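Peer 1: No sequence on hand, only this structure:
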């Protein structure tokens, strides 16, 4: 933890962990967009993530370490900054520092609270067990036999196969099935609750505020500021923040309006 | 008073090198045993303190500012001269030497000026090595520009802030020594007196501007690099706190004060806007390259400048000096502006201003070109006056800017007090009766980097080791007591005038009677008025608060008290120098066309004044100037 | 014009002060902000009261002595202007103006509006120089420097060390000052031998002096009277990491 002695190293830690978290966030958002494809795809995706095993824990631990470092360092920096001006200005106005950039610690803390709730809600499942506990069964293994029709007429609803001039009817049989978490249904039923949706939307908006400053700030901290490109970096930072927010907010909105979820 | 200039024998070009070889040295192991006090941390003081500390001496540096980086050397805009001849336009050490002697109207010492020209090249090398970001050409080499009517391009510059960059160079060298522990820095401490023990300067008395504490500091050598006394005029381009106290106190303790009447008035400053005015801002002389100076022909013409038709304007510089026109030297341009305004044709609210008009240049070159050349100056002008110089002419008026006079020093920069050295604007040595543009930075750094660090070891080696003196010595106690008495006395008056009011009264008298043009009657009048103001000061000044506190009124009062005594010396000098030369223009001595008439027969000397009690006429001594290499010539700019 | 002034008054070497109210008539538009304070001080002196102490010297925008936080912004709201060059025409008749000292732990208030900024000098003492002695360096033109780099170094060197950056920063960070100094030398060949040492030493001193941390709000750039760009902070971030990664022994 000796890096904390240096303000610039601390800033680097903030930037690097921040970038990892933004990377996760992009992946998370893209993954969640599969909700719009349909229940099966989404649940398959969810099951895939769950099925990563040890790899999942590698990712989770990386994220947890980044989050902890990010929070720990930011609190240390904030305390330093607070101490750097023991007597506050009686009258202060700002020329360039924005509401977002001045309040990173507060948006950060609120996002943290939101993330904890979000994890309890969607990952651990203890926040709203009613919405969480949806399962569906999916076929795991099938067997099939081909039965000679012996010239009988077969209704077109049956699957048939023709070989050596003979027609066989295919008879499938489920040998085993298993239940998996119906993540799709969990999301849809959760967001049909307007209070949950509003909390989620607020959380995402706070996140977007945090990101508009954070992303371009990381570039500056890493020393990537060039007069020719920094305009694009700032614009890109805002655009990415808005894009992430719009994507994530589109989920509860489309569920509340009935576009997604249908008859569940 | 013995005035031995100690100029080394031999041919001019070899004097300095020969002298450097002949001077004695101090063994590196012994250097730290010598303590050197440097007062003032501008170009001369900062450079000297750093250079001497590098050699191994034990240095203490003093400034009244909160940091050594704030000295007023920082404000120089234009540049620094050096005889590098990079543009290959015929420059040489001898030419820089000659131009400086001629520019000074043949009132400077040949040997000193030649050394200055010699050393000028080393200064540029030294500054570049320190990382001073001088302007460069695309090829990566240093850029030069021409300045102040010189016929060669020899001025090095760093945008419009050459002074700041050079000062930061010296400051960084000083910071390095402070970091290494070889220089002890004293900030917010103002010199109040010097202490002489056994005919040697052995220390100083300072006042801590925060606690008000009067403190003694002993040393083996004291260097004063405390700048000029332009603020004797109240309004000048000097920083607000610039003062004469250090050099005046040295004078009172026996140092000769040389040529105090040589004060330079700069022609292009922003005019006074009102009674509240606290200082004047200089606009770079370079503006005169493209601006045309004029006033209305008629006295009662109060129309806005753009409505005055061409034939009703008097382009007086172009009229009087057809060949140099708007680029006439500083003293001549300043006097011409004063004449026009005294004639009632001045502009600006006060009537003390002339137009500097860029309309023709904008028509000829286009606004873009003018913006490229002077954009930052125009912006600064607009910020101060709220007038846009692109559409309406600038208004300018001369203002006190630099003082060529100062403590008399010999070739080694030692004053008539043993062990008291004086560098930079505070001494008198190199500019004669008028300083050329871009030479002040050169002289400050020459003294600080090269001259003092060579000559002081010689003094130490020849006179040391010194008898140990500490601050409990009765002379220190006596001086401390005197300073404390002065402060107590000022604090006790509680009259009805502020120190600034009295300073302003003095300034008005000096500007009126001892300013751009002087005459016998006026100077005699000033000699009557100054003691009256001084008397009023000691009866009627009001300084609230305590003396053992940060007391801005007390600082001002203490400085004003010294100006009030010093001003008299200056007027005596102006009165006794019964000729016109350079900046010193006696209206009795002019050619029929209004040019300055020198009297080389009687006045080709340095006038050195010896203190003879406050209110009494000081004693005038002479150091004859022997010109072995240049011949007297009349300056003509027609 | 008439003005109401709310000015911070603090006795010498005491920890606390308070805002005091002053009314001023007859303020002229041509006055600079400091001249307006001069007028007030003249009145206070004549009333036998202690005049307001504030730092100032050259009054032409270059020495960096003047400070003051005017209506919540160091040197006032006008871009690229020091307090001494701020003129009263930027204010309106009847305005209330708040005047406070620069407030940082590293800049303790000495009295009223005067603060101690020697922390900046100590940062400079730790490495803001090229270690060469006065003497006989080689000819200035034997070291060509690209005009682009020389100009960029000059942009950084324009810093007047006033302290507005740290005082405007919501975090009280001095990064812009340190960045300007480190960048000036990092951009020039003269600064190369000490490049690593300088970046490490100056940042360490900055941290030790009790300044806050930069969080890229860019308030410093907006308040800087010399318009120094925060790009130099990015450069310092690079320089510092480069130095940390390449230092061979602890400096």
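Peer 2: Nice, I can see it. A quick note: this is a predicted structure, and the numbers were derived from the prediction, not measured.
Peer 1: for stretch B:193-211, the distance to its chain's centre please.
Peer 2: 23 Å (C-alpha atoms, centre = their mean, to the nearest Å).
Peer 1: Next, the buried residues of it.
Peer 2: Residues of stretch B:193-211 classed as buried by neighbour count (16 or more other C-beta atoms under 10 Å in any protein chain shown): B:193-197, B:200-211. For every residue, glycine as well, the C-beta is placed using N, CA and C.
Peer 1: Number of residues surrounding residue B:296?
Peer 2: By other C-beta atoms under 10 Å in any protein chain shown, 20 other residues sit near residue B:296.
Peer 1: ok, it - contacts?
Peer 2: With contacts taken as C-beta atoms under 8 Å, 6 or more residues apart in numbering or on different chains, residue B:296 has the following neighbours: B:303, B:308, B:312-314, B:345, B:347.
Peer 1: again, only this time at 10 Å
Peer 2: Residues touching residue B:296, when contacts are defined by C-beta atoms under 10 Å, 6 or more residues apart in numbering or on different chains, comprise B:302-303, B:305, B:308, B:312-314, B:340, B:345-347, B:354-355.
Peer 1: how near is whichever residue of chain C sits closest to chain B to residue B:623?
Peer 2: Chain B sits closest to residue C:144 of chain C, with a gap of 3.0 Å, by C-beta to the nearest C-beta. If you measure residue C:144 against residue B:623 using C-beta to C-beta, to the nearest Å, the figure is 45 Å.
Peer 1: Those two - which one has more neighbours?
Peer 2: Taking neighbours as other C-beta under 10 Å, residue C:144 and residue B:623 compare with residue B:623 leading, 19 against 14.
Peer 1: one step back: inside strands: which ones of the buried residues of stretch B:193-211?
Peer 2: Secondary structure defined by DSSP state E assigns B:193-197, B:200-208 of the buried residues of stretch B:193-211 to strands.
Peer 1: what's the farthest-apart pair in these?
Peer 2: B:200 and B:208 (25.4 Å; C-beta to C-beta).
Peer 1: May I have the phi/psi pair for the nearest residue to residue B:208 once chain neighbours are set aside?
Peer 2: When the adjacent residues along the chain are set aside, residue B:208 lies closest to residue B:189, with 5.5 Å between them (C-beta to C-beta, 6 or more residues apart in numbering or on different chains). Main-chain torsions, residue B:189, degrees, to the nearest 10: phi -130, psi 130.
Peer 1: And residue B:189, how close does it get to chain A?
Peer 2: 27 Å (C-beta to the nearest C-beta, to the nearest Å).
Peer 1: okay but that residue is in contact with residue B:207, surely?
Peer 2: Yes - counting by C-beta atoms under 10 Å, residue B:189 touches residue B:207, with 7.0 Å between them.
Peer 1: Report the set of residues contacting both of these two.
Peer 2: With C-beta under 10 Å, 6+ apart as the test, residue B:189 and residue B:207 both reach B:64, B:213, B:215.
Peer 1: where's the first one, which helix or strand?
Peer 2: With elements taken from DSSP states H and E, nothing contains residue B:64; it lies in neither a helix nor a strand.
Peer 1: Tell me what the residue nearest to it when sequence neighbours are not counted is bridged to.
Peer 2: On the basis of C-beta to C-beta, 6+ apart, the spatially nearest residue to residue B:64 that is not a chain neighbour turns out to be residue B:190, at 4.2 Å. Legend: beta-bridge partners of residue B:190 under DSSP bridges are residue B:207.
Peer 1: isn't residue B:190 right up against residue B:242?
Peer 2: No - proximity of residue B:190 to residue B:242 does not meet the contact threshold set by C-beta under 10 Å, at 11.7 Å.
Peer 1: contacting residues around the residue in chain B that chain A sits nearest to?
Peer 2: Scanning chain B for proximity to chain A using C-beta to the nearest C-beta identifies residue B:383 as nearest, at 17.9 Å. Contacts for residue B:383 were tallied using C-beta under 10 Å, 6+ apart; they are B:281, C:32, C:61, C:78, C:80-81, C:85-87, C:89-90.
Peer 1: Which stretches in chain C count as strands?
Peer 2: Using DSSP E, the strands assigned to chain C run over residues C:3-10, C:17-24, C:69-70, C:73-74, C:96-100, C:109-111, C:114-115.
Peer 1: mind putting those in a markdown table, mean neighbour count, mean pLDDT and distance to chain B included?
Peer 2: Output for the strands of chain C, formatted as a markdown table (neighbours: other C-beta atoms under 10 Å in any protein chain shown; pLDDT from 0 to 100; distance: least, C-beta to the nearest C-beta, whole Å):
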| stretch | mean neighbour count | mean pLDDT | distance to chain B |
| --- | --- | --- | --- |
| strand C:3-10 | 18 | 97 | 11 |
| strand C:17-24 | 13 | 96 | 12 |
| strand C:69-70 | 24 | 98 | 15 |
| strand C:73-74 | 25 | 97 | 16 |
| strand C:96-100 | 20 | 98 | 15 |
| strand C:109-111 | 23 | 96 | 4 |
| strand C:114-115 | 24 | 96 | 6 |
